[in-house]
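> here's a sequence, model it:
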Amino acid sequence: MTGAADHEKRFGLGGRRALVTGSARGLGWEIAKALAEAGAHTVVNGRNAEALAQRVRELSDAGLSGDAAVFDVTDEAAVTAWLDGLDEAPDILVNNAGLRYRAGTSECTPEDFVRMLEGNLVSAYAVARTWALRRMDAGLGGALINVTSIAGTRARPGDPAYTAAKGGLESLTRSLAVELAPKGFRVNAIAPGYFATEANAEWVADPDVTKFIEARIPVKRWGKPAEIAGAAVFLASDAATYVNGHTLVVDAGMTINY
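Below you'll find the predicted structure:
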């Protein structure tokens, strides 16, 4: 019979370091905070040093361990420089940073499309690659979590670039999971549904979107940002040591509701 202490240890992240990209706000911040609450020393990332410093203060005030890494994930040289400055690359990487651009085919130019791919897919690959190589050079594995979207396997009119980028990120998750598993890595993804984040504020306030939410989501409401946290802790922890190449959908049943 497994005791409570063993169970808590299995889901705990004590003694580990985590980097969460794009974590100054929204789902990234909730994931970063949750990993810290589970015991990890968590590095919040973004381009705004002041916003990140505030987040680090919040972690410290709550008795949690963390610091900040100010760099743009689309700047490969900056990512490499930050990782090269560490004694050891973090045990856990959460690729959360990304761009959001809603435009149909007539408005979305090829340049816009490329920008979305670079911001949501290419940058995630670049960060994951550099991180994994640093871990492998030290003879270590790790846990990688890509934040995709239910848009990765579904589609809505007027959103081709984001849909393609997130679909690619889900496929990349499977590819890296197969390639890196023999080297001690686990690679999984989280696909959020409709969450009431700052980025979705305009939609949250739209009565037509509210009607859509109530009709399509069984619980009939937007997700609260904090409700993403448990999925990340689970996939990063030893409770998920035999979970690899999986996309954990967190959408309150939206995508199974017909």
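> who's in contact with residue 69?
Residue 69 makes contacts with 19, 43, 44, 45, 52, 82, as judged by Cβ atoms under 8 Å, 6 or more residues apart in numbering. (Each C-beta comes from the backbone N, C-alpha and C, glycine too.)
> give me the subset of those residues lying in helices.
When helices are assigned by DSSP state H, the members of the contacts of residue 69 inside them are 52, 82.
> which one (most neighbours) among the contacts of residue 69?
The most crowded member of the contacts of residue 69 is residue 44, carrying 31 neighbours; neighbours defined as other Cβ atoms under 10 Å.
> wait, doesn't that residue sit right on residue 52?
Yes - using Cβ atoms under 8 Å as the test, residue 44 is close enough to residue 52 to be in contact (5.3 Å).
> can you give me the helices for the chain?
Read by DSSP H, the chain holds these helices, from start to end of the chain: 4-11, 26-37, 49-61, 76-84, 110-117, 123-137, 160-180, 201-204, 207-216, 229-236.
> single out the most deeply packed of the ones you listed.
The highest average neighbour count among those, using mean count of other Cβ atoms under 10 Å, belongs to helix 26-37 at a mean of 24.
> which elements pack onto that one?
Other helices and strands packing on helix 26-37, by 3 or more Cβ pairs under 8 Å, 6 or more residues apart in numbering; DSSP states H and E, are strand 17-20, strand 41-46, helix 49-61, strand 92-95, strand 142-147, helix 229-236.
> who's in contact with the third one?
So that's helix 49-61. When contacts are taken as Cβ under 8 Å, 6+ apart, the neighbours of helix 49-61 outside the stretch itself are 23-25, 29, 32-33, 36, 42, 44-46, 65-70.
> now that helix, how far from the centre of its chain.
Once both centres are worked out by Cα atoms, centre = their mean, to the nearest Å, helix 49-61 turns out to sit 19 Å from its chain's centre.
> then it to PDB, C-alphas only?
Below are the C-alpha coordinates for helix 49-61, written out as PDB (Å, rounded to 0.1, in the frame of the first residue of the first chain):
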ATOM      1  CA  ALA A  49      12.100  42.800 -17.400                       C
ATOM      2  CA  GLU A  50       9.900  44.800 -15.100                       C
ATOM      3  CA  ALA A  51       6.900  42.500 -15.500                       C
ATOM      4  CA  LEU A  52       9.100  39.400 -14.900                       C
ATOM      5  CA  ALA A  53      10.700  41.000 -11.800                       C
ATOM      6  CA  GLN A  54       7.200  41.500 -10.400                       C
ATOM      7  CA  ARG A  55       6.400  37.900 -11.000                       C
ATOM      8  CA  VAL A  56       9.600  36.800  -9.200                       C
ATOM      9  CA  ARG A  57       8.600  39.000  -6.300                       C
ATOM     10  CA  GLU A  58       5.200  37.300  -6.200                       C
ATOM     11  CA  LEU A  59       6.900  33.900  -6.100                       C
ATOM     12  CA  SER A  60       9.200  35.000  -3.300                       C
ATOM     13  CA  ASP A  61       6.400  36.600  -1.300                       C
END
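> appreciated, that's everything.
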